[in-house]
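Enquirer: After the sequence you'll find the predicted model.
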Amino acid sequence: MNELYLLTDDQLVALYISGTDEAFDVLLARHKDRLFSYIYYQVKNEDLANDIFQDTFTKAIVHLRNKRYAENGKFYSWISCIAHNLIIDVYRNEKHIKLVSDEEAGITLSNYSDHYENSKECEIANEQTLEDVKRLIECLPKSQREMVQMRYYMDMSFKEIAEKEGISINTALGRMRYAILNMRRIASEKNITLNWY
C-alpha cells in the first residue's frame with residue numbers, strides 16, 4: 001500500500017505544496033466520491049456535476065499552489081466550499097441566485113434563493129465573516145461606508161452610484177478602492193480574517 005494513503009489531509013496538502021504531485025492524487029481519490037455526490041445532489045445533472053467537480057479540483061490546485069489554504073484538518077470542508085461557490089455561480093448564471101461580487105475586494109456577498117440547500121459549514125463561516133464585514137464597514141468614513149452599502153447591499157452599479165451621488169464613475173470606483181483598502185487595514189489592525197467560501 002502506498003504510504004501516502006496513511007497521511008492526514010493536511011500532511012498531503014503540505015507535501016503537494018512542496019512538490020509531491022502524487023499527494024494530490026491521494027487527496028482526490030480520498031474525497032472524490034463524497035464531493036461528487038454532494039455536487040450532484042445540488043445540481044441534479046450528471047454532466048453539470050462532472051463539470052463542477054473538475055472545476056472544483058482545478059480551483060483547489062490553483063489555491064494550493066498559491067498557498068491559500070489554512071491548515072485546520074478540514075480539507076474536505078474547504079474543498080466542498082469551493083464546490084459550493086461554483087454551484088452558486090451556476091444558479092447565478094441561470095438567474096436563480098443573485099450574487100454581488102467585487103474581485104479586487106476579494107469579498108463576495110450572496111443572497112441565496114429559498115430552495116437552495118446551503119452547506120451548513122459554509123453558511124456558519126460566511127455568517128461570521130458577514131458580521132466581521134459589517135463591523136469593518138462601520139469603521140469607514142461616511143462616503144466610503146455609503147459606497148460599500150450602495151454597491152453590496154443595494155446592488156447598485158457604479159454607474160447608478162455615480163448618478164445618485166453626482167460624481168464620476170472613476171470617483172465612485174476610487175472611493176470603493178479606498179474603502180476596500182481601509183477595510184483590509186482595519187481588519188489587520190483588529191486581527192480579523194475574512195474567509196469567504
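Expert: Thanks, I have it.
Enquirer: Below-threshold pLDDT in the chain: ranges please.
Expert: 1, 71-73, 93-130, 132, 152, 192-197 (pLDDT under 70).
Enquirer: which strands and helices sit next to the top helix by length along it?
Expert: In terms of residue count, the longest helix belonging to the chain (DSSP state H) is helix 21-43. Counting by 3 or more C-beta pairs under 8 Å, 6 or more residues apart in numbering; DSSP states H and E, the packing neighbours recorded for helix 21-43 are helix 9-17, helix 46-65, helix 75-93. All C-beta atoms are positioned from the backbone trio N, CA, C, and that covers glycine.
Enquirer: Which one of those lies nearest to Ile169?
Expert: helix 75-93 (23.6 Å; C-beta to C-beta).
Enquirer: Residue ranges of each domain in this structure, please.
Expert: With domains defined by automatic domain parsing, the chain comprises 1-96, 98-197.
Enquirer: what's the offset of the first one from the middle of its chain?
Expert: With C-alpha atoms, centre = their mean, to the nearest Å as the basis, the distance from the averaged C-alpha position of domain 1-96 to the chain average is 14 Å.
Enquirer: how about the helices and strands packed on helix 21-43, which one is nearest Ile180?
Expert: Per C-beta to C-beta, nearest to Ile180 of the helices and strands packed on helix 21-43: helix 75-93, 19.6 Å.
Enquirer: Run the angle between that closest one and helix 21-43 for me.
Expert: With axes from the mean of the first three to the mean of the last three C-alpha atoms, to 10 degrees as the basis, helix 75-93 and helix 21-43 are set at 50 degrees to each other.
Enquirer: State whether Tyr69 and Val13 are indeed in contact, as I suppose.
Expert: Yes - between Tyr69 and Val13 there is a contact under C-beta atoms under 8 Å: 6.0 Å.
Enquirer: So which of the two has more stuff around it?
Expert: Val13 (21 against 18; other C-beta atoms under 10 Å).
Enquirer: Contact partners for the more buried one?
Expert: Val13 makes contact with 23, 27, 64, 69, 71, 75 under the criterion C-beta atoms under 8 Å, 6 or more residues apart in numbering.
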